[in-house]
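J.: sharing a model prediction with you, sequence too.
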Amino acid sequence: MVDAQDVRDVLAKLSTLRVHDDTINKQIGLANTIVENESADGILEATLESARLVIATHLTLAAYAAKLERSVGAVPAEVASQLAFWKTQRDIHMGYIKRDTPTIQPMADQPETLAEQYVSGDLEGDYY
């Protein structure tokens, strides 16, 4: 089970002076709810746990960024960069836990491989 220290460790030992444990625990609770509601059947527990940690980390960093913005009027570039990184990680992990959703099919036919083009005579020379 993900706890506040796990989130702090991922965020390079984020100080309790910067984000209180209560805030992190609320984000963990929200991450648990998201994972429970969004995950497909049959997903490995390790994958679900990883998603919980990544989502909780993103939410905690977002809370920290909001706190910074309220106190100093802006979010430092490094925090904004980390927030974007963790949003990407969150999106990737959401994809991992939603595996039962159909994938989007290509909108156009895929071209032949070079080997197929060579065999059909559409390509001169060696296809390697």
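T.: Noted; the coordinates are in hand.
J.: only C-alpha atoms from now on, for both contacts and neighbour counts.
T.: Will do.
J.: what about the helices in the chain?
T.: 4-10, 21-38, 45-72, 77-97, 114-120 (DSSP state H).
J.: the second one - contacts with which helices or strands?
T.: Just to be clear, that refers to helix 21-38. Contact here means 3 or more CA pairs under 8 Å, 6 or more residues apart in numbering; DSSP states H and E; on that basis helix 21-38 packs against helix 4-10, helix 45-72, helix 77-97.
J.: the longest one now?
T.: In terms of contacts (3+ CA pairs under 8 Å, 6+ apart), helix 45-72 is packed against helix 4-10, helix 21-38, helix 77-97.
J.: if we go to 6 Å?
T.: With contacts taken as 3 or more CA pairs under 6 Å, 6 or more residues apart in numbering; DSSP states H and E, helix 45-72 sits against helix 21-38, helix 77-97.
J.: quick one: mean pLDDT for that helix?
T.: Per-residue pLDDT over helix 45-72 has a mean of 94.
J.: could you do stretch 77-92 as well?
T.: pLDDT averaged over stretch 77-92 gives 92.
J.: CA atoms only for it, dumped as CSV, please.
T.: Output of stretch 77-92 as CSV, limited to C-alpha atoms (Å, rounded to 0.1, in the frame of the first residue of the first chain):
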residue,chain,number,x,y,z
ALA,A,77,10.1,26.5,-13.9
GLU,A,78,11.6,23.3,-12.3
VAL,A,79,8.3,22.5,-10.5
ALA,A,80,6.3,23.1,-13.7
SER,A,81,8.7,20.8,-15.5
GLN,A,82,8.4,18.1,-12.9
LEU,A,83,4.6,18.5,-12.9
ALA,A,84,4.5,18.0,-16.7
PHE,A,85,6.7,14.9,-16.3
TRP,A,86,4.5,13.4,-13.7
LYS,A,87,1.4,14.1,-15.7
THR,A,88,2.9,12.2,-18.6
GLN,A,89,3.8,9.3,-16.2
ARG,A,90,0.2,9.4,-14.8
ASP,A,91,-1.3,9.2,-18.3
ILE,A,92,1.0,6.3,-19.2
